[in-house]
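> give the three-dimensional model of this entry:
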Amino acid sequence: MRVRNIFQLSGGGLRRALAAAGALALSAAPASAETLQGALIQAYQNNPSLNAQRAAVRVADENVPQALSGYRPRVSLSASIAETYIDTLSRTTSATGATSYSSSSGHNAVQTYGGTVTQNLYNGFQTGNRTRQAESQVSSARENLRLTEQLVLLSAVTAYMNLLRDTAILDLQRRNVEVLEEQLRQTRDRFNVGEVTRTDVAQSESRLAAGRSSMLSAESNVTTSRAAYRQVIGVDPGRLTAGSPVDRLSPRTLPQGISQARAQHPSVTTAMFNIDSAQFQVKIAEGALHPTLNLVGSAQKQYGSNSSLQSLESFNGSVSGQLNVPVYQGGSEYATVRQAKETLAQRRIDLDTARDQAQQSFVQSWGQLEAAKAQIQATQAQVTAAEIALNGVREEARVGQRTTLDVLNAQQELVNARVALVTAQRDRVVASYTLLSASGRLSAQVLGLGVPVYDPTVHYRQVRDSWFGLRTPDGR
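Numbers count the residues shown, from 1 in each chain. The predicted structure is shown next:
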């Protein structure tokens, strides 16, 4: 029973050390083999959380044309048709002072058609600040998308390596059960000829039952890992091949990585754009204290009259300037300005928090990767020593110098060492991707996945200067 190398390493010493671990056949799976890179491509294309965040970016894109609409005129048309009844009594006085009366009555169909055009000329620069704020929100949404992409890819790596680890451990436990079954058979044969006691048989039976329990637990873990793989990557797993660390893509030194994480991590850049958005919100709130000036043009054509049977049609047209100077609106506008300033201060604190969290995450990931590298060598030495010890205990047991329990304990120590090696191999790969994510560089472009990269700027350009239309472009 040998341990399968579930990941690939660069470096002659570690490669030779892990190659010495041998090969372990995985459990039954579809014939097609899947690579870690292929799984990442599937996750990048299929993961619903990532696709939802892409839709959220497209939602944020629409804030820009909404803000730009403040520069554009507003046009409205109106039409009305009415049937009116008019009954009038008129008095007429002649030059001689004689007074006469006349009356008229009848129905009149009145049709009115009109249009109004309103163009804002000045509103305290609120339109410009709203536009710049919307652009900052778009940039923030893109950084959130980059953060989601990192989380999804890291989750995909974790799910892939978890399934690979659990499948290898299951195979180890199955083979351990086979060895324990053979051990029990030999112990019973020796008991039948009087070489061992009933106690030795009971010890073998107990250890076999424990091995079967561990195998069942490993089967449960594989089932759970397969479900997690399906959830994150979007397809059912096939036969998985070894994964590779990505140390070559990470910063070479700890100070370099800290500097990069504090400047480029998506959570940090998102906080930066949130500050910009909050600054523009202060200016928008202050703009409400400024006067507004609008140019209004209107035209109205009316056929018939609501007041006279003799009027057949009329036309009215006007162009006017409307100036509105706010003096006092109860103080709410001042509270809004103060509130916006406090929000801005909060966003600046959020940036400091994001930088500290990015630094802490990178330092922690750096330490975990270094520990994982050392763990590989330690567990490999443990496996080698456990194999030698088991072989020695078995030979000594054959000549009566060791008991059956000694053999069973040595066998269990070897199984535990091999499980620890498989786990260390998994941790090594996941830790390298975690470090790349902590530096803010875990992306399809950096990994070179060979998949069409989603470009959020395409949809932005499609909708930014759109004056009308209900079609929703897909951003491709």
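> distance of A168 relative to G400?
Taking Cβ to Cβ, to the nearest Å as the criterion, A168 is separated from G400 by 36 Å. From N, CA and C alone the C-beta is placed, and that goes for glycine too.
> so where's this structure uncertain?
For the chain, the stretches flagged by pLDDT under 70 are 1-33, 474-476.
> what's the closest non-adjacent residue to the most centrally placed residue in it?
The residue lying closest to the centre of the chain (Cα atoms, centre = their mean) is T148, at 2.4 Å. Spatial nearest neighbour of T148, excluding adjacent residues (Cβ to Cβ, 6 or more residues apart in numbering): Q53 at 4.2 Å.
> state the distance from that neighbour to H265.
17 Å.
> comparing these two, which shows the higher neighbour count?
H265 (27 against 21; other Cβ atoms under 10 Å).
> residue contacts, E396?
Shown in contact with E396 (Cβ atoms under 8 Å, 6 or more residues apart in numbering): R402, D406.
> switch the cut-off to 6 Å
E396 makes contact with R402 under the criterion Cβ atoms under 6 Å, 6 or more residues apart in numbering.
> which residues are contacting stretch 460-476?
Contacts of stretch 460-476 (Cβ under 6 Å, 6+ apart): D61, V64, P65, V458, H459.
> now find how far off-centre it is within its chain.
23 Å (Cα atoms, centre = their mean, to the nearest Å).
> I'd like to know which of the contacts of stretch 460-476 are buried.
Listed as buried from these are D61, V64, P65, H459; burial here means 16 or more other Cβ atoms under 10 Å.
> show me where the stretch 301-450 of the chain has helices.
332-398, 404-438, 444-447 (DSSP state H, counting those that start in this stretch).
> mind putting the buried ones among the contacts of stretch 460-476 into CSV with distance to Q380 and secondary structure?
Below are the buried ones among the contacts of stretch 460-476 laid out as CSV (distance: Cβ to Cβ, whole Å; DSSP: H, G, I helix; E, B strand; the rest coil):
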residue, distance to Q380, secondary structure
D61, 52, helix
V64, 56, helix
P65, 60, helix
H459, 50, helix
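> export those residues to a markdown table and tack on distance to R239?
Converted to a markdown table, the buried ones among the contacts of stretch 460-476 look like this (distance: Cβ to Cβ, whole Å):
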| residue | distance to R239 |
| --- | --- |
| D61 | 42 |
| V64 | 47 |
| P65 | 49 |
| H459 | 38 |
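> just the closest of the residues you listed to N409, please.
Distances from N409 to the buried ones among the contacts of stretch 460-476, taken as Cβ to Cβ, are shortest for H459 (63.6 Å).
> returning to what we had before: now for the contacts of stretch 460-476, which pair is the farthest apart?
P65 and V458 (15.3 Å).
> for the protein, which segments are assigned as strands?
33-34, 74-93, 99-122, 239-240, 292-303, 313-324 (DSSP state E).
> nearest to S220, of the ones you listed?
strand 239-240 (18.4 Å).
> how far does that closest one sit from its chain's centre?
26 Å.
> what pairs with it, and is each one parallel or antiparallel?
strand 33-34 (parallel) (DSSP bridges).
> break the chain down into its structural domains.
Annotated domains of the chain cover 12-72+126-289+350-463, 73-86+104-122+291-325 [automatic domain parsing].
> nearest to T343, of those?
domain 12-72+126-289+350-463 (5.2 Å).
> make a markdown table out of the domains of the chain and add distance to V337.
Listed next are the domains of the chain as a markdown table, based on distance: least, Cβ to Cβ, whole Å:
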| stretch | distance to V337 |
| --- | --- |
| domain 12-72+126-289+350-463 | 4 |
| domain 73-86+104-122+291-325 | 16 |
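> highest mean neighbour count out of those domains?
Among the domains of the chain, domain 12-72+126-289+350-463 has the highest mean neighbour count (mean count of other Cβ atoms under 10 Å), at a mean of 18.
> for the buried ones among the contacts of stretch 460-476, which one is nearest D427?
Closest to D427, out of all of the buried ones among the contacts of stretch 460-476 and judged by Cβ to Cβ, is H459, at 39.1 Å.
> my read: the closest one touches R58, true?
Yes - the criterion here is Cβ atoms under 6 Å, and H459 meets it with R58 at 5.1 Å.
> re the thing from before, quick one: the residue nearest to the centre of the chain and L40, what's the gap?
Distance from T148 to L40, by Cβ to Cβ: 14 Å.
> show the backbone phi and psi for the residue in the chain sticking out farthest from the centre.
Centroid-distance maximum for the chain: T96 at 93.9 Å, with Cα atoms, centre = their mean. Here is the backbone geometry of T96 (degrees, to the nearest 10): phi -90, psi 0.
> gap between it and S90?
From T96 to S90 the distance is 18 Å (Cβ to Cβ).
> likewise for T167?
For T167, the distance to S90 - Cβ to Cβ - is 103 Å.
> please apply the same query to Q150.
Applying Cβ to Cβ to Q150 and S90 gives a distance of 85 Å.
> try L390
Applying Cβ to Cβ to L390 and S90 gives a distance of 125 Å.
> likewise L414?
Distance from L414 to S90, by Cβ to Cβ: 119 Å.
> from what I can see S318 touches A299, true?
No - between S318 and A299 there is no contact under Cβ under 6 Å: 7.9 Å.
> which one of the helices of the stretch 301-450 of the chain lies closest to V157?
helix 404-438 (4.5 Å).
> for that closest one, name the packing helices and strands.
For helix 404-438, the packing partners by 3 or more Cβ pairs under 6 Å, 6 or more residues apart in numbering; DSSP states H and E come out as helix 126-192, helix 198-233, helix 332-398.
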